[in-house]
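Q: Generate a structure from the sequence data that follows.
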Amino acid sequence: MRSPALSFFALLLVLVAVPPGAGAETMGPARPSVGLVLSGGGARGAAHAGVLEVLEELRIPVDYIAGTSMGAVVGGLYACGMSPQEIKTNLRAIDWDDVFDDSPPRRHLPFRRKLVDQVALFDFELGLGGHGFELPAGLVAGQKLGYLFEVLTLRSAGAANFDELPIPFRAVATNIDTGERVVIWKDNLAEAMRASMAVPGAFTPVDRDGMMLVDGGLVCNLPVDLVRTMGADIIIAVDISPQAGASQETASSATILIESLYLLMDQNAQQQRELLGPSDVLVVPDLGDMSPADFRAVPAAIDAGEEGARLATEELARLSVGEEDYRAFLERQRCPMMQLCGTGVVDRIQITGELRADPRIIAGVVKTEVGVPLRLDVLREDLDRIYELGDFERVSFRLVPTGDTQTVLVDVKEKSWGPHFVRMGLSAEADFKGKSEFTALTSFLTTRVNPHGGEWRTELRFGAESGIFTEFYQPMDFSGLFFVSPRIGFNQRRFEAFTDGTFDEEYHVGVLECGMDAGIQLRNHGEIRAGTFIGQRRAASRRGFPAPSAIGGYSAIGGYSGSFTIDQLDNLSFPRSGTFVSLRGRFFSENFGSDVSYDKATISACTAVSRGDHALVAVVRGGTSLGSVPPIYEQFQLGGFLSLSGYERGQFLGPYFALGEILYHHRFVRVPRPFGTGIYAGASLEVGNVWEDAGDVSVDGLRYASSVFIGADTLLGPLYLGLGLAERGVSSAYISLGMSVVRN
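A: Residues are numbered from 1 along each chain as shown. So this is what the prediction gives:
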């Protein structure tokens with residue numbers, strides 16, 4: 001047997017015989033390894049791209065990268081093989097206003113979702129669960145941002161962890177439940193970047209491994225220690241942390257919150273800066289008081305980063321290597337094995353995530369095909385269509401390469417505050433002449449009641465119009481093409497009757513009605529619907545006496561109805577593009593139990609064009625009783641803001657009417673979503689009238705009016721302050737909330 005002494009002597013001879021340079025390939029480069037630390041700071045983080053460009057000019061290889069927030073975004077892109085020039089080009093080309101707005105274009109929404117816009121509801125929803133009301137976890141779910149990161153990081157699709165990237169990489173996030181730092185080093189690079197920059201309250205947290213992750217800047221905005229533990233001998237730290245007290249805005253709750261975040265970032269970044277040694281390099285680009293939220297300043301931030309790195313050239317230059325060595329680094333960083341994925345053949349499409357919606361409904365809107373090369377533009381449209389269904393907080397994708405083919409994983413996360421939703425609303429109008437009215441609204445919606453996507457909607461109204469309405473909408477198959485819709489409701493409204501333009505009497509009209517409709521859903525374009533209804537109506541004068549028999553008093557109602565609607569407008573209140581057309585008819589018949597037979601048919605159409613912030617809108621509305629004589633409270637009314645402005649609301653009454661309008665509006669202030677779209681100044685020219693008989697309809701009888709207004713598209717709905725001018729010097733001022741240009 002070999003003695004321990006002999007074994008030790010043999011090992012000693014081997015160690016002595018090994019030359020000093022042997023094993024260098026496995027132990028690391030002979031030069032000191034360089035770690036790059038990129039701090040967070042929102043839009044200010046674009047400066048990192050300028051720094052990277054200077055590092056490449058100086059031939060400084062990077063062996064490790066760690067980043068926080070925007071630093072994780074730029075660092076992750078560089079780590080997975082993107083060049084500084086590509087990063088700069090992408091950052092400049094991104095429409096940041098659009099990326100941070102998860103709202104799909106309105107014309108792409110399912111028609112059921114568009115119908116809600118015709119009701120004066122606030123533009124936010126609450127969840128209703130066993131613990132009461134629930135709020136979304138952030139203003140922005142990051143749907144578009146997540147897709148952008150997935151596309152930009154397709155090079156990393158084949159990496160099991162971030163050590164397999166051309167440059168080992170780490171992203172820093174914060175566990176919002178414990179306040180602890182979380183280092184992300186594996187799985188989905190795009191998700192890691194998204195989690196690292198999830199500013200609390202602005203973005204929804206990222207659910208990863210059972211942790212809810214938010215912006216890493218809260219605990220470690222400049223992760224110097226992290227890169228050191230990765231193995232870096234020398235560190236280049238780029239600090240673009242926003243400085244506390246830099247905001248020049250007046251004090252507000254939002255400003256105080258932002259300043260508090262700045263203070264946290266500045267304090268923990270200072271602690272990390274103290275870990276830098278004499279051989280390390282700190283680069284601090286001069287970004288002045290640039291706001292982290294000012295993404296329009298991204299080009300200026302890139303330039304500032306480049307300038308800041310050039311000021312540190314003397315310190316950085318000592319880390320330069322020869323051309324041959326740097327060429328070897330670039331071959332590794334632009335690794336051929338990490339080429340852009342996304343062109344391989346699709347062998348499978350898999351829907352993942354917890355679903356209340358039936359997967360067949362989702363599959364029905366997916367156009368990506370198995371057995372053909374993947375087209376990213378088609379996949380993007382698929383994700384948009386799934387998200388536009390309205391049930392999901394986020395829809396993302398991942399590619400899993402398998403040789404020459406790839407599996408497309410579509411991951412969906414349904415709204416955590418659903419499927420029971422509540423929205424409030426308010427409709428109000430005043431003419432500064434003592435006449436005003438308002439109606440408060442509450443809408444309840446339960447989605448995905450059954451596999452075919454049935455939904456139950458209920459509305460409550462209080463004020464000038466009061467009542468309750470409930471409808472169950474049931475698609476007949478997974479495509480949603482055909483549907484049936486039973487409904488029942490009670491409505492009571494105030495009706496002011498005018499004779500020859502002069503106020504005559506006020507009536508209170510109450511209607512209890514139930515009905516059944518069936519129809520065809522024209523995808524996101526519109527709807528065809530027909531049905532029957534029965535009910536009872538009561539009309540009483542303001543003094544409490546029953547209305548004259550000619551008006552109705554108590555009466556039974558019944559008949560049939562039909563409608564055809566196409567809605568492709570981008571906005572119902574301040575439209576800039578698209579078209580809206582609606583044809584509606586209600587036919588009261590004694591054959592359906594109605595005490596009085598009469599008909600009502602209306603048409604409403606709108607089209608809009610725009611250039612820049614200027615828009616021109618044309619509106620046409622009309623109605624006819626088709627030769628019948630409706631009760632007075634069922635006749636058409638004109639008068640009021642944008643309905644012959646200058647006159648009193650409902651001042652003109654008759655069984656026939658026509659109205660044409662040309663509106664112009666200019667958006668002079670842009671408002672970031674989800675708080676609205678902007679503040680507008682505009683004007684209108686209006687022409688129309690009402691008539692007692694079809695034979696009276698003529699151009700000679702038209703009335704003319706106009707208006708000027710200031711309007712705002714807000715989270716609470718459209719708000720107008722206007723002045724109406726009519727013939728013979730008639731005028732009126734108006735303030736209105738919740739009114740749309742398009743009215744049925």
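
Q: State the helix or strand in which the residue lying closest to Val620 once chain neighbours are set aside lies.
A: Nearest non-adjacent residue to Val620, counting by CB to CB, 6 or more residues apart in numbering: Ala605, 4.8 Å away. C-beta coordinates here come from the backbone N, C-alpha and C atoms, glycine included. In the assignment (DSSP states H and E), Ala605 maps to strand 598-611.

Q: Follow the chain on from that strand and name the next helix or strand.
A: Next along the chain after strand 598-611, taking DSSP H and E as the criterion, comes strand 614-624.

Q: Quick one: mean pLDDT over the helix or strand following that next one.
A: Helices and strands here follow DSSP H and E; after strand 614-624, the next one along the chain is strand 636-638. Taken as a whole, strand 636-638 has a mean pLDDT of 94.

Q: I figured the residue nearest to Val620 hits Ser582, correct?
A: Yes. At 7.4 Å, Ala605 and Ser582 qualify as touching, with contact defined as CB atoms under 8 Å.

Q: need the contact list for the residue nearest to Leu737 when sequence neighbours are not counted.
A: Of all residues not flanking Leu737 in the chain, Ala428 sits nearest, at 4.6 Å (CB to CB, 6+ apart). Taking CB atoms under 8 Å, 6 or more residues apart in numbering, we find Ala428 in contact with Ser436, Glu437, Phe438, Thr439, Ile735, Ser736, Leu737, Gly738.

Q: And Ala605 and Ser582? Which one has more around it.
A: Ser582 (21 against 17; other CB atoms under 10 Å).

Q: List the contacts of the helix or strand hosting the more buried one.
A: Per DSSP H and E: Ser582 is located in strand 578-588. Residues outside strand 578-588 that contact it (CB under 8 Å, 6+ apart): 107, 557-570, 572, 594, 596-608, 742, 744.

Q: Average pLDDT for it, rounded please.
A: 97.

Q: Over to stretch 686-705?
A: 92.

Q: Can you list the buried residues in that stretch?
A: For stretch 686-705, the neighbour count (16 or more other CB atoms under 10 Å) marks Glu686, Val687, Gly688, Asn689, Val690, Trp691, Val697, Arg703, Ala705 as buried.

Q: Need phi/psi at the nearest residue to Thr204 once chain neighbours are set aside.
A: Nearest residue to Thr204, sequence neighbours excluded (CB to CB, 6+ apart): Gly138, at 3.8 Å. Dihedral angles of Gly138 (phi, psi; degrees, to the nearest 10) stand at phi -160, psi 160.

Q: Poorly predicted segments of this structure, please.
A: Under the criterion pLDDT under 70, the flagged ranges of the chain are 1-29, 243-263, 336-343, 501, 542-553.

Q: Quick check: longest strand in it by residues?
A: Scanning the chain for the strand with the most residues, using DSSP state E, yields strand 502-522.

Q: what packs against whatever helix or strand comes next after that one?
A: Of the helices and strands lying after strand 502-522 in sequence (DSSP H and E), the nearest is strand 526-541. Contacts defined by 3 or more CB pairs under 8 Å, 6 or more residues apart in numbering; DSSP states H and E place strand 526-541 against strand 482-499, strand 502-522, strand 554-567.

Q: do you know which of those strands lies nearest Asn450?
A: strand 482-499 (12.7 Å; CB to CB).

Q: Sheet partners, orientation included, of the closest one?
A: Using DSSP bridges, strand 482-499 pairs in its sheet with strand 465-475 (antiparallel), strand 502-522 (antiparallel).

Q: Reformat those strands as JSON lines; add mean neighbour count and distance to Gly353.
A: Shown next, in JSON lines, are the strands paired with strand 482-499 (neighbours: other CB atoms under 10 Å; distance: least, CB to CB, whole Å):
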{"stretch": "strand 465-475", "mean neighbour count": "17", "distance to Gly353": "22"}
{"stretch": "strand 502-522", "mean neighbour count": "16", "distance to Gly353": "25"}
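
Q: who wins for proximity to Leu481 among those?
A: strand 502-522 (6.0 Å).

Q: Does Cys335 touch Pro166 like I think?
A: Yes. With contact defined as CB under 8 Å, Cys335 counts as touching Pro166 (4.3 Å).
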